[in-house]
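>>> Sequence and predicted structure, then a few things I'm wondering about:
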Number of protein chains: 2
Amino acid sequence: MIVLGIDPGLANCGFGVVTRRDGALAALDGGVVTTSASASPAARLARLQREVEALLDEHEPACVAMEALYFGLNVRSAFAVGQARGAVLAAAGARGLDCFDYTPQQVKGAVCGSGRADKGQVARMVQAVLRLPELPAPDHASDAPAWRSRTPTTRRR
Amino acid sequence: MIVLGIDPGLANCGFGVVTRRDGALAALDGGVVTTSASASPAARLARLQREVEALLDEHEPACVAMEALYFGLNVRSAFAVGQARGAVLAAAGARGLDCFDYTPQQVKGAVCGSGRADKGQVARMVQAVLRLPELPAPDHASDAPAWRSRTPTTRRR
């Protein structure tokens, strides 16, 4: 089963594609979709959605996992993250895909055994579990399903 | 010039299409896109986006006007409204349309001359300006560019 993980954001949207092969998890793709602050919010969200659609077409994941994070955000940030999530969710929903939300604490607990693990611990565990040659980075790609692209971190289109 | 106005929401998304003819404003279309709470957020956002795309295709507006309303919302509501806006903005952005945000106070001031006008005043002024046969309703359609559909309030598809 292939899962697309998304750490939603407008300027930087982390993503990772993970599959299970022979009982072990393996990373298929990952990186960050970036959009330029000089473009309009509508143009940036359209670009983000196009990139997510391209990932869905390329990897045909069975479902999408997203970071659920309005906890601890202020209203303005929640609004901005909500907009990025809306563009991603609409793309997934148009393909009939289920989307599952996980809090940062749930992800840390699952990966590290503690919901209070720091970013460094998460990155090292993700590197180990996915047998990545390097530590996942930057933060957003690490949050996504938590690893770093071995492809360039900015996607082609 | 044709303008599509949107009052973003997931359960109820108000919309209105207005044009200027012979120096006067005229309503071309309007109503509410509703999505079912029994569907997943992704499915609901996809449906909302499809409906907005259909409106953009049908009316070919020059731009989109949206209510900017994270003021006075709590974080959870801002997140939810943000998601609905994200789906709408991505659809507009994909067509290269500019989107303009207006606060409720700006709309009330423009329509009624006072940013503190109540919903009833706004509805009556909108009815007068657009020469609608009835008062615009419900609230969401009234907020959009503020009027009520003479077509059924729930859109066909």
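In hand now; what should we look at? Numbering: from 1, shown residues only, chains lettered A, B, ... in the order given.

>>> helices and strands of chain A: which one bottoms out on pLDDT?
Ranking every helix and strand in chain A by mean pLDDT, DSSP states H and E puts helix A:139-143 at the bottom, with a mean of 53.

>>> Could you find the closest non-adjacent residue to A:Ala26?
Closest residue to A:Ala26 apart from its sequence neighbours, by CB to CB, 6 or more residues apart in numbering or on different chains: A:Thr19 at 5.6 Å. C-beta here means a position set from N, CA and C on the backbone, and glycine is covered the same way.

>>> wait, A:Arg20 sits on A:Ala26?
Yes - when contacts are counted by CB atoms under 8 Å, A:Arg20 is listed as touching A:Ala26 (7.4 Å).

>>> A helix includes A:Glu53, no?
Yes - counting by DSSP: H, G, I helix; E, B strand; the rest coil, A:Glu53 falls inside a helix.

>>> Who are the contact partners of it?
A:Ala91 (CB atoms under 8 Å, 6 or more residues apart in numbering or on different chains).

>>> Please say which of A:Arg20 and A:Ala26 ends up with more neighbours.
A:Ala26 (15 against 11; other CB atoms under 10 Å in any protein chain shown).

>>> what residues are up against the more buried one?
A:Val18, A:Thr19, A:Arg20, A:Leu130, A:Arg131.

>>> Return the angle between stretch directions for the strand or helix carrying A:Gly86 and helix B:75-94.
Element membership for A:Gly86, per DSSP states H and E: helix A:75-94. Helix A:75-94 runs at 60 degrees relative to helix B:75-94, counting by axes from the mean of the first three to the mean of the last three CA atoms, to 10 degrees.

>>> Indicate whether helix A:75-94 makes contact with chain B.
Yes - contact between helix A:75-94 and chain B, assessed by CB under 8 Å from any CB of the partner chain, occurs at A:75-76, A:78-94.

>>> if I look at A:Cys112, how far off is chain B?
Computed with CB to the nearest CB, to the nearest Å, the distance linking A:Cys112 and chain B is 26 Å.

>>> With A:Asp98 instead?
Noted for A:Asp98: a distance of 7 Å to chain B, by CB to the nearest CB.

>>> excluding its backbone neighbours, what's nearest that residue?
Closest to A:Asp98 by CB to CB, 6+ apart is A:Cys63, at 4.6 Å.

>>> number of nearby residues for the one you found?
The burial count for A:Cys63: 15, using other CB under 10 Å.

>>> Turn the contacts of A:Ala26 into TSV, columns for distance to A:Pro104 and secondary structure.
Below are the contacts of A:Ala26 laid out as TSV (distance: CB to CB, whole Å; DSSP: H, G, I helix; E, B strand; the rest coil):
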residue	distance to A:Pro104	secondary structure
A:Val18	17	strand
A:Thr19	23	strand
A:Arg20	23	strand
A:Leu130	18	coil
A:Arg131	23	coil
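
>>> so which of the residues you listed is the most crowded?
That'd be A:Val18 among the contacts of A:Ala26, by other CB under 10 Å, with 25 neighbours.

>>> give the contact list for it.
Per CB under 8 Å, 6+ apart, neighbours of A:Val18: A:Ile2, A:Val3, A:Gly5, A:Leu25, A:Ala26, A:Ala27, A:Leu28, A:Leu130, A:Pro145, A:Trp147.

>>> Am I right that A:Leu55 is in contact with A:Asp29?
Yes - between A:Leu55 and A:Asp29 there is a contact under CB under 8 Å: 7.2 Å.

>>> of these two, who's got more company?
Per other CB under 10 Å, whichever of A:Leu55 and A:Asp29 has more neighbours is A:Leu55, with 24 against 19.

>>> can you give me the strands for chain A?
Ranges of strands in chain A, per DSSP state E, are A:2-7, A:12-21, A:24-34, A:63-67, A:98-102.

>>> State the mean pLDDT of the longest one.
By that I understand strand A:24-34. Taken as a whole, strand A:24-34 has an average pLDDT of 92.

>>> now the last one
Mean pLDDT, taken over the full extent of strand A:98-102, equals 94.

>>> Same question for it: list its buried residues.
A:Cys99, A:Tyr102 (16 or more other CB atoms under 10 Å in any protein chain shown).

>>> In its sheet, which strands sit next to that strand, and in what direction?
Using DSSP bridges, the strands paired with strand A:98-102 are strand A:63-67 (parallel).

>>> could you give the angle of the partner strand to strand A:2-7?
Going by the same axes, to 10 degrees, strand A:63-67 makes 20 degrees with strand A:2-7.

>>> Buried residues, strand A:63-67. List them.
A:Val64, A:Ala65, A:Met66, A:Glu67.

>>> Quick one: residues contacting the third one.
Right, the one you point to is A:Met66. A:Gly5, A:Ile6, A:Asp7, A:Pro8, A:Arg85, A:Val88, A:Leu89, A:Cys99, A:Phe100, A:Asp101, A:Tyr102.

>>> Ok, the first one next?
Residues in contact with A:Val64 (CB under 8 Å, 6+ apart) are A:Val3, A:Leu4, A:Gly5, A:Ile6, A:Val88, A:Ala92, A:Leu97, A:Asp98, A:Cys99, A:Phe100, B:Ala42.
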